[in-house]
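Colleague: Predicted model and sequence follow; I will ask about them next.
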Amino acid sequence: MSVQVSRRAAALALLTVTATAAAPTGLSLYFPDAVFARGERSTVIGRSVPYGMLGDLARRADRAAVRVGAVLGTPVRPLIVVPASDAGAAALARTGAVDGLAALADRGRVIVVPSTFATLSPTGRDVVLAHELTHVAAGTGRAPLWLREGLADYVAYRDAGLPVPVAAAELAAEVRAGHVPHRLPGPEAFAPGGTRLAQAYQESWLACRMIAAEFGEERLVRLYRDALEGDADLSPFGDFTTRWRAYLREQLEGGAG
């Protein structure tokens, strides 16, 4: 695969990106010294970022796009933005602190948080990109938060090659100690800084993974699309909570995936 990096077209690319993503702050953050890398499917724009990093991101975004598109059944054309600093990421996303985040989905693009993303392993970078691209491609609508995050993690981990107890290490430790959650996580469980934030994501992921394993991936996607309109009906899956709790034990108690 060829990844092309250029300064000459950066200004034009920025104008296009800003119009598409409706982000007027983009020009002030990146113009005039932005660079970009283009993969087969993806475009990566950065400021004060080494060319090699942009090219690597373009290749990873291309792979993530294939993974996301395979599940959702739609073509995915990633736009990845790499600010010069974490403060730049927060400003571009118009959000508060981005402490602990490696990337975030924002208005049709993925914004990388440079300091945290740099600490990730290669597999971790692939997982994060696929997760955030799922948010971009699938949308959020009125879907409950557990389903939004669960689907994103389902796509992210689907082909990552990580055993379930490794990817859900925190939840696995609780389950092996006899503490199996009694209900799906509510919105409050995803609050930044929460004591069980990792477990909330893992519980949601395994709920979606169970649906895909037992009812088919297309059924999971259909549930999500219905939930976008406010219809997150779990009754077709029987006693969902009981089935899910049993699945957690099956996947996590033995310590191997």
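Modeller: Thanks, I have it.

Colleague: Let's verify Leu54: helix, strand, or coil?
Modeller: Recorded secondary structure, Leu54: helix (DSSP: H, G, I helix; E, B strand; the rest coil).

Colleague: Over to the nearest residue to it once chain neighbours are set aside. Which of the three states is it?
Modeller: In this structure, Leu54 finds its nearest non-sequential neighbour in Ala37, 3.7 Å apart by Cβ to Cβ, 6 or more residues apart in numbering. For every residue, glycine as well, the C-beta is placed using N, CA and C. When classified by three-state DSSP, Ala37 comes out as strand.

Colleague: outside of stretch 243-257, which residues touch it?
Modeller: Outside of stretch 243-257, the residues within contact range by Cβ atoms under 8 Å, 6 or more residues apart in numbering are 162-168, 171-172, 175-176, 180-182, 184, 203, 206-207, 210, 214, 237.

Colleague: among the residues you listed, which are in helices?
Modeller: 164-167, 171-172, 175-176, 203, 206-207, 210, 214 (DSSP state H).

Colleague: Serialize those residues to TSV and add fields for pLDDT, neighbour count and distance to Ala156.
Modeller: What follows is these, written out as TSV (pLDDT from 0 to 100; neighbours: other Cβ atoms under 10 Å; distance: Cβ to Cβ, whole Å):
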residue	pLDDT	neighbour count	distance to Ala156
Val164	97	21	13
Pro165	96	19	17
Val166	96	14	14
Ala167	97	22	9
Leu171	98	26	16
Ala172	98	23	18
Val175	98	23	21
Arg176	97	14	24
Glu203	98	25	15
Leu206	98	25	13
Ala207	98	26	15
Met210	98	22	16
Glu214	97	13	20
